[in-house]
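Visitor: Predicted model follows, preceded by the sequence.
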Amino acid sequence: MPDAHPFDLNANDRVARRSRGRWAKTAPARPRQADRAYQEIKRRILDNEIPAGIQTLEQELAEMLGMSRTPVREAVIRLEEDSMVGVRPRRAACFHAVTR
């Protein structure tokens with residue numbers, strides 16, 4: 001069998017990159033901040049830590065989660081698609097009543 005070319009990737013390799021003269025697998029991707037924000041806000045809604053009907057700004061959610069507004073904004077958009085949050089103008093989010 002001929003030697004494999006360094007650019008040939010098998011099914012187990014995600015992405016190859018040049019590292020100190022050798023080809024290496026990249027580390028598995030960490031969860032995105034937006035995914036973490038989505039999971040945490042969703043958990044707080046389902047645990048009723050964020051009560052239904054409350055309105056809050058993205059900035060307040062970002063401070064609560066200890067992250068910037070951008071991932072929180074992305075998470076709120078996903079939660080709106082799931083009908084858990086209603087987005088108001090000027091970045092206010094209104095949380096809906098949700099049952100498990």
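Guide: Perfect, I can see it now.

Visitor: which SSE is the closest residue to residue 68 other than its chain neighbours in?
Guide: With CB to CB, 6 or more residues apart in numbering as the measure, residue 62 is the residue that lies nearest to residue 68, at 5.9 Å, once sequence neighbours are left out. Quick note: C-beta positions are derived from backbone N, CA and C, even for glycine. Using DSSP states H and E, residue 62 sits in helix 58-65.

Visitor: Output the contacting helices and strands for that helix.
Guide: With contacts defined as 3 or more CB pairs under 8 Å, 6 or more residues apart in numbering; DSSP states H and E, helix 58-65 has these neighbours: helix 33-46, helix 69-81.

Visitor: switch the cut-off to 10 Å
Guide: For helix 58-65, the packing partners by 3 or more CB pairs under 10 Å, 6 or more residues apart in numbering; DSSP states H and E come out as helix 33-46, helix 69-81, strand 92-95.

Visitor: Can you add distance to residue 54, mean neighbour count and mean pLDDT and give the ones you listed back as CSV?
Guide: Formatted as CSV, the helices and strands packed on helix 58-65 follow (distance: least, CB to CB, whole Å; neighbours: other CB atoms under 10 Å; pLDDT from 0 to 100):
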stretch, distance to residue 54, mean neighbour count, mean pLDDT
helix 33-46, 10, 17, 94
helix 69-81, 13, 19, 93
strand 92-95, 5, 18, 84
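
Visitor: Ok, which of those comes nearest residue 55?
Guide: Taking CB to CB, strand 92-95 is the member of the helices and strands packed on helix 58-65 nearest to residue 55, at 4.8 Å.

Visitor: I'd say residue 45 and residue 83 touch.
Guide: No - in terms of CB atoms under 10 Å, residue 45 does not count as a neighbour of residue 83; the distance is 11.2 Å.
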